[in-house]
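Visitor: 3D, please:
(4 chains)
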Number of protein chains: 4
Amino acid sequence: MGADRKQDIIRRLRSVEGHVRGVERMVEEDVYCVEVVNQILAVQRALKKVSALVLDRHLHSCVTHAIRASDEAARERVLGELLEIFEATGRG
Amino acid sequence: MGADRKQDIIRRLRSVEGHVRGVERMVEEDVYCVEVVNQILAVQRALKKVSALVLDRHLHSCVTHAIRASDEAARERVLGELLEIFEATGRG
Amino acid sequence: MGADRKQDIIRRLRSVEGHVRGVERMVEEDVYCVEVVNQILAVQRALKKVSALVLDRHLHSCVTHAIRASDEAARERVLGELLEIFEATGRG
Amino acid sequence: MGADRKQDIIRRLRSVEGHVRGVERMVEEDVYCVEVVNQILAVQRALKKVSALVLDRHLHSCVTHAIRASDEAARERVLGELLEIFEATGRG
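Guide: Here you go, the predicted model:
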């Protein structure tokens, strides 16, 4: 993965970490439940954006290489993994 | 919210925080992208479970009180909030 | 459920039915896969809107009545059902 | 797409169509709202399975061809489409 993309992903994950700590404080201070749930939904959307960035690099590197390598087993593996990610998405 | 439920929620959020830090390390160490995405999906599922616990208390306390208070404006507000949460769920 | 709301829901479900038939034709005519998947995603969004309309009436009728009836078993049942719907949402 | 796969997909879409008609009848006959919502959730899961089958063929045909063709514009287009599908998934 390119160094810039990697730094962007790590920066976003640190921001998610801070966001989760903020939700902990909200719960400790008995903030209204609906606001807590809305913040958790916002964290989940931020995580989905991180997944999309990781997946974008994966498609351009590993998936492209595996398909070009003309190694059927490698192609089946990467395509099967993509399909499993698609099936698991939205279940969070 | 009961003290036990509150502690359970905070404990789960701390675990999510640690999980996110683990994902950061995976990215720094160039772990295979598919494993990174799968860990992010696991974090999203853990957050959904936390939302369900918060929502459960909300239904038993605020929603129940607002509906029993026979204050139509309060009832409309809590029901509208529940519907917005339902509509936003799964978009993460 | 009010007659207008009921007619609106039935009308939307008929439109979903027609939309699904359209997707069948797309598959029969070998339309580009990405367009097929995008139309299925559009059908799922239309169904989520129908669910929100049904849930809205449910909150204003059954849930309100069960909570006001001061029957703890009835309240537990409707709140448990709401929570199960929340947990299943987004898994489609 | 192979003829068997195509027939399987069309058969599943017809079953979804029948399922939606069943939900219409439930609404007309004032079946309990929670059962209606649960049937809509089941239809959404069935549609997600159809999407997965379409996507699986797409990955093995169009995506594989576009990546092997060494045409950068074609590769960018198919990878961009996959990412958009991933981002839209779960919003239904």
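
Visitor: What residues of stretch A:17-29 count as buried?
Guide: Within stretch A:17-29, the residues scored as buried using 16 or more other Cβ atoms under 10 Å in any protein chain shown are A:Glu17, A:His19, A:Val20, A:Val23, A:Glu24, A:Met26, A:Val27. Where C-beta positions appear, they are placed from N, C-alpha and C, glycine not excepted.

Visitor: For the closest residue to A:Lys6 other than its chain neighbours, what is the enclosing helix or strand?
Guide: Using Cβ to Cβ, 6 or more residues apart in numbering or on different chains and skipping residues adjacent in sequence, the residue nearest A:Lys6 is B:Val27, 6.3 Å away. Using DSSP states H and E, B:Val27 maps to helix B:3-28.

Visitor: helix or strand right after that helix?
Guide: Per DSSP H and E, the first helix or strand lying C-terminal to helix B:3-28 is helix B:33-58.

Visitor: and the residue lying closest to A:Cys33 once chain neighbours are set aside, what does it touch?
Guide: In space, and not counting its chain neighbours, A:Cys33 is closest to B:His58: 3.7 Å by Cβ to Cβ, 6+ apart. Residues counted as contacts of B:His58 (Cβ atoms under 8 Å, 6 or more residues apart in numbering or on different chains) are A:Cys33, A:Val34, A:Val37.

Visitor: Leaving out sequence neighbours, find the closest residue to the residue in chain A positioned nearest to chain D.
Guide: In chain A, the residue that lies nearest chain D is A:Gly90 (2.3 Å; Cβ to the nearest Cβ). Computed as Cβ to Cβ, 6+ apart, the closest residue to A:Gly90 that is not its neighbour in sequence is D:Gly90, at 2.3 Å.

Visitor: shaky segments in chain A?
Guide: Applying pLDDT under 70 to chain A flags the ranges A:1, A:91-92.

Visitor: Contact residues of it facing chain D?
Guide: A:48, A:51-52, A:55-56, A:59-60, A:63-64, A:67-68, A:75, A:79, A:82-83, A:85-87, A:89-92 (Cβ under 8 Å from any Cβ of the partner chain).

Visitor: Those residues in helices, which ones?
Guide: With DSSP state H as the criterion, helices contain A:48, A:51-52, A:55-56, A:64, A:67-68, A:75, A:79, A:82-83, A:85-87 from among these.

Visitor: Tell me who's in contact with the residue nearest the centre of chain A.
Guide: Centroid-nearest residue in chain A: A:Ser51, 2.2 Å away (criterion: Cα atoms, centre = their mean). A:Ser51 makes contact with A:Thr89, B:Val37, B:Ile40, B:Leu41, D:Phe86, according to Cβ under 8 Å, 6+ apart.

Visitor: ok, so of these, who is nearest D:Arg11?
Guide: Of all the contacts of A:Ser51, D:Arg11 sits closest to A:Thr89, with 24.9 Å by Cβ to Cβ.

Visitor: Phi and psi next, for that closest one.
Guide: phi -70, psi 140 (degrees, to the nearest 10).

Visitor: Near A:Arg45, how many other residues are there?
Guide: 12 (other Cβ atoms under 10 Å in any protein chain shown).

Visitor: scratch that, A:Lys6 is what I was asking about
Guide: Look at A:Lys6: counted by other Cβ under 10 Å, it has 16 neighbours.

Visitor: picking up where we left off before, pick the one among the contacts of A:Ser51 closest to chain C.
Guide: Using Cβ to the nearest Cβ, the contacts of A:Ser51 come closest to chain C at A:Thr89, 9.4 Å.

Visitor: Check the gap between the closest one and A:Leu82 for me.
Guide: Distance, A:Thr89 to A:Leu82, by Cβ to Cβ, to the nearest Å: 11 Å.

Visitor: Ok, A:Ala66 next?
Guide: To A:Leu82, A:Ala66 is 10 Å away according to Cβ to Cβ.

Visitor: again, but for A:Leu53
Guide: 16 Å.

Visitor: Many thanks, have a good one.
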